[in-house]
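**Q** next one to model:
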Amino acid sequence: MGHISSYMAGNVFKVLVKTGDIVESGDDVVILESMKMEIPITVESKSVIKDVKVREGEFVNEGDIIIELE
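**A** Reported below is the predicted structural model:
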């Protein structure tokens, strides 16, 4: 179905979902930390989490795929 990409560089502070979870529009899936701020990454529509591509503590760049959706 699609994926969720990081829209900024930062550290993965918290992963809030796992493979198989059903998420609703607006649900937070990952929280990034950048410049001592916590930035939630949300899903735009009801989906099933196909794969989580990141782990807590990992650094991501802008545009990196962090979640794959079904």
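**Q** isn't residue 15 up against residue 54?
**A** Yes - between residue 15 and residue 54 a contact is recorded at 6.6 Å, counting by CB atoms under 8 Å. To be clear about C-beta, it is placed using only N, CA and C from the backbone, and glycine gets the same treatment.
**Q** count the neighbours of residue 9 for me.
**A** The burial count assigned to residue 9 is 13, neighbours taken as other CB atoms under 10 Å.
**Q** which helix or strand contains the residue most central in space within the chain?
**A** Geometric centre of the chain, nearest residue: residue 30, 3.8 Å, by CA atoms, centre = their mean. Per DSSP states H and E: residue 30 is located in strand 28-34.
**Q** which residues are contacting that strand?
**A** When contacts are defined by CB atoms under 8 Å, 6 or more residues apart in numbering, strand 28-34 is touched by residues 4, 6, 8-17, 23, 38-43, 49, 54, 60, 66-67.
**Q** low-confidence regions, this structure specifically.
**A** 1 (pLDDT under 70).
**Q** give the bridge partners for the closest residue to residue 69 other than its chain neighbours, please.
**A** Nearest-residue entry for residue 69: residue 47, 4.2 Å, with adjacent residues in sequence omitted and distances by CB to CB, 6 or more residues apart in numbering. On the basis of DSSP bridges, residue 47 is bridged to residue 23.
**Q** burial count for residue 47?
**A** Residue 47: 23 neighbours (other CB under 10 Å).
**Q** what does residue 19 give?
**A** Around residue 19 there are 12 residues (other CB under 10 Å).
**Q** verify the stated contact: it with residue 53.
**A** No - Residue 19 is beyond contact range of residue 53, at 10.7 Å (criterion: CB under 8 Å).
**Q** can you read off the backbone torsions of the spatially closest residue to residue 21 that is not a sequence neighbour?
**A** In space, and not counting its chain neighbours, residue 21 is closest to residue 49: 4.6 Å by CB to CB, 6+ apart. Note on residue 49: its backbone torsions stand at phi -70, psi 120 [degrees, to the nearest 10].
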